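1. This is the structure alone, sequence omitted:
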């Protein structure tokens, strides 16, 4: 499968390659294969999962990165897709050298079973998701609280092992939600040995959301990290870099979604994805007439980081921070 066109190759050659480090660590990638779900599983026509042929294996990721970042060495942290049909006992078969993995987890999973899955796979932590909690609690996804996404037994187990959690926070207010803010801080305080990676910069995709967050309070918690997955706004990234230590911000893309063509934009204290292809991810506005020449979300995210990062910080954000974190978790 070809991901780049001539315009993308020019963007890489002229804008990105001269500014990128020689190693890139993507801390937020979804990887799945046919045996991750029941036989015969299909996806809605406009699902991003169809974009890569219904799977996105480690081999597919490796081949994509050779094209997207042809001059770089590639590292990743990955997890399966947190869908209802996904087998949570299936963990991506990473090499544990430049590839790391996390276990999907539901609050329905006994801590002993979760521990066994971690130990069997060599995973470096967990990836909870709000839909798993919603199913267990029989409540709408937007009503799920962070404290309901993991059990105290699971958290104590992970704290004892000193591993990591990549957390996609719930609730419609996202990082501006006061309950989320209190519960995020409480996790960092109560489980000091867990490395908490708050995904998508706390899902702060528009400026008011991050301005009304408490991101600066997390600076005093050495176990608090943020990843940048699917954030391409230079202003939002700069705000995060200005208010939180850049040594604990990790580059993430949310691939394979990031391999689609588009750009997220702020609209009246909201955000939407402008899509150059007929796939739907969240609130999507699709350019059916192909009036705009889009590059990939992946490249838009790199542009945003390179433009927003303080002097000398880009290599830390794009590689060093994740390298230090994940290699120490093995």
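-> Thanks, I have it. This is a predicted model, so every value here is computed, not measured.

2. What residues of stretch 78-90 count as buried?
-> Neighbour-count burial for stretch 78-90 flags 78, 79, 80, 81, 82, 83, 86, 88, 90 (criterion: 16 or more other C-beta atoms under 10 Å). No exception for glycine: its C-beta is placed from N, CA and C like everyone else's.

3. go on, stretch 237-251?
-> For stretch 237-251, the neighbour count (16+ other C-beta under 10 Å) marks 237-241, 243-246, 248-251 as buried.

4. wait, which of the buried residues of stretch 78-90 is closest to residue 27?
-> residue 78 (9.1 Å; C-beta to C-beta).

5. Report the rounded mean pLDDT for the helix or strand hosting that closest one.
-> Take DSSP states H and E as the rule and residue 78 turns out to sit in strand 73-79. On average, the pLDDT along strand 73-79 is 98.

6. Could I get the contacting residues of residue 43?
-> Residue 43 makes contacts with 49, 50, 54, as judged by C-beta atoms under 8 Å, 6 or more residues apart in numbering.

7. where's the second one relative to residue 34, distance?
-> The gap separating residue 50 from residue 34 is 14 Å, by C-beta to C-beta, to the nearest Å.

8. for the first one, same thing?
-> Relative to residue 34, residue 49 is positioned 12 Å away (C-beta to C-beta).

9. neighbour count winner among the two?
-> A count of neighbours by other C-beta atoms under 10 Å puts residue 49 above the other of residue 49 and residue 34, at 21 against 11.

10. Backbone dihedrals for the closest residue to the more buried one other than its chain neighbours, both of them.
-> Leaving out its chain neighbours, the residue that sits closest to residue 49 by C-beta to C-beta, 6 or more residues apart in numbering is residue 43, at 4.5 Å. As for residue 43, its main-chain torsions (degrees, to the nearest 10) stand at phi -130, psi 150.

11. Would you state the strands of the stretch 101-250 of the chain in chain order?
-> Here the stretch 101-250 of the chain has its strands, by DSSP state E, counting those that start in this stretch, at 103-105, 125-128, 164-167, 195-198, 224-227, 249-250.
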